[in-house]
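*Asks:* with the sequence up front, the predicted model follows.
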Amino acid sequence: MSDSRRNSCKINGSNNKTPFLIGVSGGTASGKSTVCKRIMEKLGQVNKNQSERQVVCISQDSFYRDLTQAEITKAEKGQFNFDHPDAFNEIYMKETLLDILAGKIVKIPTYDYKNHTLRKDEIITIYPADVVLFEGILVFYFPEVRNLFHMKLFVDTDSDTRLARRVPRDINERGRDLEQVLNQYTNFVKPAFEEFCSPTKKFADVIIPRGADNVVAIDLIVQHIREILAVGARHSTERISPEQQLSISSPADSPTRKIAPGDPPHKRPH
Ligand SMILES: Nc1ncnc2c1ncn2[C@@H]1O[C@H](COP(=O)(O)OP(=O)(O)O)[C@@H](O)[C@H]1O
Ligand SMILES: Nc1ccn([C@@H]2O[C@H](COP(=O)(O)O)[C@@H](O)[C@H]2O)c(=O)n1
């Protein structure tokens, strides 16, 4: 990506490129990652490298908190509750999203499900983008995180289907055995879904039944994202005088967006 696009407006050393921030929630294995992938594909992002992307996706799993040795021992036996809000580092999550909204480059760790640890030796660099998708089971649970989103999607997939997907995924990709997966699901995943995740569905702007199978819903969302980006550019150009505007140069295929200097980053048109 050219420097002119990335550095069109520098304030206090940061690139003031405010992304459109979309939260994507839903139960485990509902298809959150797959829905995000489809959105990125439809917006033509998949074959671009990370620094070139206009749309990026971040997983809430990068914001699990570090566990103590005793907690790791429990996790290895499937006895740690990774579906409870306390398993996450809420402050780091919120600060990272605020940095993203402020147009900063952020670096986040990847998550290692086999060892239940953050891989601080495997860091993803998130460059300023036009659209940032943030997906995870509890992205709407924490009010201060929830309020940062410009759009909230909830992937609503039947719980039997989710369990049927989770079992092979956890065995094949996350190094678990069947008994461990089923115990963890019964003792922690299912009750926590009912207590913490499912009630956040009411905060969603759009509920997507059947996840990635729902091509119509995904097409509508992609269209809406395109329109919001275009309308945002037109409205802010109309309302704000040129002296007040901070021009944000745009990718070749979308109009220039403008924001007022004092606007909080999350006050994007919606
Ligand atoms: N519509 C679908 N049909 C069949 N399998 C799916 C579908 N959506 C997701 N999967 C599979 O289910 C598993 C979980 O999907 P994923 O998108 O990772 O869910 P989440 O991010 O909500 O945990 C993955 O193995 C994925 O390939
Ligand atoms: N060490 C860990 C960390 C998380 N999990 C489970 O992952 C689920 C969230 O990821 P999804 O892709 O399924 O949304 C969550 O339900 C945790 O139980 C884990 O098993 N081990």
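*Replies:* Thanks, I have the structure now. Ligands and ions are numbered 1, 2, ... in the order given.
*Asks:* number of residues surrounding the residue lying closest to residue 107 once chain neighbours are set aside?
*Replies:* Leaving aside its sequence neighbours, residue 107 sits nearest to residue 123 (CB to CB, 6 or more residues apart in numbering; 4.8 Å). (Each C-beta comes from the backbone N, C-alpha and C, glycine too.) Neighbourhood size, residue 123 [other CB atoms under 10 Å]: 14.
*Asks:* dihedrals phi and psi, residue 123?
*Replies:* Main-chain torsions, residue 123, degrees, to the nearest 10: phi -100, psi 140.
*Asks:* so what's it up against?
*Replies:* With contacts defined as CB atoms under 8 Å, 6 or more residues apart in numbering, residue 123 is in contact with 107, 108, 109, 110.
*Asks:* contacts only, for residue 122.
*Replies:* Residue 122 touches 109, 110, counting by CB under 8 Å, 6+ apart.
*Asks:* shouldn't it be within a strand?
*Replies:* Yes: per DSSP: H, G, I helix; E, B strand; the rest coil, residue 122 lies within a strand segment.
*Asks:* residue of the stretch 151-270 of the chain with the smallest distance to ligand 2?
*Replies:* residue 189 (4.9 Å; CB to the nearest ligand atom).
*Asks:* pretty sure that residue sits against residue 80.
*Replies:* No: using CB atoms under 8 Å as the test, residue 189 is too far from residue 80 to be in contact (11.5 Å).
*Asks:* neighbour-wise, which of those two wins?
*Replies:* A side-by-side neighbour count of residue 189 and residue 80, using other CB under 10 Å, places residue 189 first with 25 against 19.
*Asks:* my read is the more buried one is in a strand, agree?
*Replies:* No: applying three-state DSSP, one finds residue 189 to be helix, outside a strand.
*Asks:* so who does it touch?
*Replies:* With CB under 8 Å, 6+ apart, residue 189 has these contacts: 28, 83, 166.
*Asks:* what's the answer for residue 205, then?
*Replies:* Neighbouring residues of residue 205 by CB under 8 Å, 6+ apart: 151, 152, 153.
*Asks:* for the helix or strand containing residue 164, the averaged confidence score.
*Replies:* Under the criterion of DSSP states H and E, residue 164 resides in helix 159-173. Averaging pLDDT along helix 159-173 gives 97.
*Asks:* that helix: what's the following helix or strand?
*Replies:* helix 178-184.
*Asks:* could you check how far that following helix is from the centre of its chain?
*Replies:* Counting by CA atoms, centre = their mean, to the nearest Å, helix 178-184 is centred 27 Å from the centre of its parent chain.
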